[in-house]
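S.K.: 3D, please:
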Amino acid sequence: MTDKRDTLPTKDNRKAITARIHIAKKELGLDDETYRAMLQQVTKHSSCADMHISELYRVMEHLKKLGYKPATRKFGKRPNPAKDKAALMGKVEALLADSKLHWNYAHAMAQRMFSVAKVDWLDKDQLWRLVGALEKAAKRS
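M.R.: This is a model prediction of the structure:
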């Protein structure tokens, strides 16, 4: 298994890690002088622009040691349905994507409509009704 750090960076990866470093800097309340001194200490560079992707990851790890806790995304997990429900689950996923909604929205609808905590646990009839409700919601917006 290869580590993400072993792959060649794309511009987007580099941009994303640099953005996370700057977010961490702000959340930790580092002034510019302290921030640049920390970069110099960790990588011998005073700017992220001069760093290799591996050095950017080292800076990120150092910021975590200083107390930075990256925010976790809570978009809901995509269900892994049984074969007989896969087509319906695909329809639910397509409707969510069209409306730019996350799986948590579908899980909440399942809870409200059927008192079932997760979409995974719905039977076929309930899934059909969920699809109908999602289609109705899509027409409204």
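S.K.: Which other helices and strands does the helix or strand residue 56 falls within contact?
M.R.: In this structure, residue 56 sits in helix 53-65 according to DSSP states H and E. Judged by 3 or more Cβ pairs under 8 Å, 6 or more residues apart in numbering; DSSP states H and E, helix 53-65 is in contact with helix 11-28, helix 32-43. (C-beta placed from N, C-alpha, C; glycine too.)
S.K.: And the contacts of stretch 104-112?
M.R.: By Cβ atoms under 8 Å, 6 or more residues apart in numbering, the list of residues contacting stretch 104-112 from outside reads 74-76, 92, 96, 116-119, 121-122, 126, 130, 133-134.
S.K.: one more time with 10 Å
M.R.: 74-79, 89, 92-93, 95-96, 99, 101-102, 116-122, 126-127, 129-131, 133-134, 137 (Cβ atoms under 10 Å, 6 or more residues apart in numbering).
S.K.: do the same with stretch 130-141
M.R.: 88-89, 91-92, 94-96, 98-101, 105-106, 109-110, 112-114, 116, 119, 122.
S.K.: and these, which are buried?
M.R.: 88-89, 91-92, 95-96, 101, 105-106, 109-110, 114, 116, 119, 122 (16 or more other Cβ atoms under 10 Å).
S.K.: Once you drop chain neighbours, what's closest to residue 127?
M.R.: residue 88 (4.3 Å; Cβ to Cβ, 6 or more residues apart in numbering).
S.K.: The one helix or strand that neighbour maps to - what's its average pLDDT?
M.R.: Under the criterion of DSSP H and E, residue 88 resides in helix 86-98. Helix 86-98 shows a mean pLDDT of 91 in the predicted model.
S.K.: Show me the shaky parts of this protein.
M.R.: For the chain, residues meeting the criterion pLDDT under 70 lie at 1-12, 72-77.
S.K.: need the helices and strands packed on helix 53-65 in TSV with distance to residue 63, can you?
M.R.: As requested, the helices and strands packed on helix 53-65 are exported to TSV (distance: least, Cβ to Cβ, whole Å):
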stretch	distance to residue 63
helix 11-28	4
helix 32-43	8
